[in-house]
Every structure is written in C-alpha cells, then in structure tokens.
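Colleague: pasting the structure only:
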C-alpha cells in the first residue's frame, strides 16, 4: 500500500498529494482508491471534497467529517476555490487561450464550462501548459484541450492516441496548486506540490529530442 504525502493537516482538513494511478473513490472492479488508502494511513475516515481523475496526480482536499466536507464543497460551488494544473499537450499551443464551451463527459449531459490556459513553454511538437478551471466539470481540462486541437499527452478517453505523435504511459496532467478558505477559521490556505518524477523525466526526454 503506498504512503500518501500529506501537504496540510489539522483536526478538520487534510490535503494530500495524490499519486497517478489511483481513483479518488471506489469504482466497479477497482476497489483500491485514494480515499480508502488515506483513511487507513490516517486511521480515521476522511471524505473527499472534490475528485481527480485516476491518471491525474496532485493536490486534493479531504475533510475529516461530513460537516467540513460540505463546507469545502460549498466553496467549489461558489467558485471561490482556485486550482491550477500543469500539463503537456500535443503541438504548439497558443500563448494564452480561454475555452468557454460546454463539455460533455462520457455518459453525462453537456454543461457550461470555462478553462483559462497559458503556455509556459512551446516546442515544435509539444507544449507545457498551465490550466485554470473556472468551472469544475468532469474531465473539463481534458475535453477542452481536445477541442482546442491540443490533446493532453497520454489522452486515450476523448481522442484516439495513435493519431498523435507523442505517447506516454499515462495522462500528463498534474494538479499543482490549490487555494481555499479554511471552513472553520476562514483563513485562506494556499498549497502547492511538485510535479511527479515520471512527468519530470518525460519532460527532460521530450526536450532532449527537440534539441
């Protein structure tokens, strides 16, 4: 069982650095998930305040009781939680872009969605981007990247991977920071986590092929 890195913890909230390859909650056929692993590690039940995709790594907020969970989830609903993602995408991404169009996650109806993008580094065949979701729809960043013509490297759900020149074992998307208010004190909490080693190593490889 993996040891989950804890970014912040008090008696009400715990913020973890989710590794790629773990679902946030259990799903049919996949019992192992971050919520159960973290609950076992902390020796108490914890409750997710939002979710990250199985292949997405990075910062995620949990509450230690249902009241705190609902309080944090209200902040998401009120759009007062600020999240920032880093990702690697196919092709030369525009320096800045705002995608304002509905997204339709598989099996769900379309919903309005807005994502702000900024290119951090642009190369001939790929780009390193920053994504800030204004809304919090399922798979929003992934869908908007595909709609923009720049799928996230490793994307296999919303595009055919073999159509794109660069492949990777997983989705190259990392939730690098989050900012929210503590549900009890009201103090703003700003937290960030480093990009995981597999993405950093892959980025070094990609850059070396562009030299």
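Modeller: Perfect, I can see it now. Just so it is clear, the model here is predicted, and its values are computed rather than measured.

Colleague: tell me what the residue positioned nearest the centre of the chain is bridged to.
Modeller: For the chain, the residue lying nearest the average C-alpha position, counting by CA atoms, centre = their mean, turns out to be residue 175 (4.0 Å). The partner list for residue 175 in beta bridges (DSSP bridges) reads residue 58, residue 85.

Colleague: and for the one 4 residues further on?
Modeller: With DSSP bridges applied, the residues forming beta bridges to residue 179 are residue 82, residue 190.

Colleague: how close does it get to residue 97?
Modeller: 22 Å (CB to CB, to the nearest Å). No exception for glycine: its C-beta is placed from N, CA and C like everyone else's.

Colleague: who's more crowded, the two?
Modeller: residue 97 (17 against 14; other CB atoms under 10 Å).

Colleague: mind listing what that one touches?
Modeller: By CB atoms under 8 Å, 6 or more residues apart in numbering, residue 97 lies in contact with 116, 117, 118, 148.

Colleague: so which of these wins on neighbours?
Modeller: residue 117 leads the contacts of residue 97 on contacts (other CB under 10 Å) with 24 neighbours.

Colleague: that one sits in which helix or strand?
Modeller: Under the criterion of DSSP states H and E, residue 117 resides in strand 114-122.

Colleague: for that strand, give me every contacting residue.
Modeller: Defining contact as CB under 8 Å, 6+ apart, one finds that strand 114-122 is touched by 86, 92-100, 127-135, 140-141, 144, 148.

Colleague: okay, angle between the helix or strand just after it and strand 114-122 too, please.
Modeller: Per DSSP H and E, the first helix or strand lying C-terminal to strand 114-122 is strand 126-133. Interaxial angle of strand 126-133 relative to strand 114-122 (axes from the mean of the first three to the mean of the last three CA atoms, to 10 degrees): 150 degrees.

Colleague: partners of strand 126-133, with directions?
Modeller: Short version: by DSSP bridges, strand 126-133 pairs with strand 82-90 (antiparallel), strand 114-122 (antiparallel).

Colleague: next one: that strand to chain centre, how far?
Modeller: Remark: strand 126-133 is offset 11 Å from the chain centroid, using CA atoms, centre = their mean, to the nearest Å.

Colleague: can you list the low-confidence ranges for the protein?
Modeller: Scanning the chain for pLDDT under 70 picks out the ranges 1, 211.
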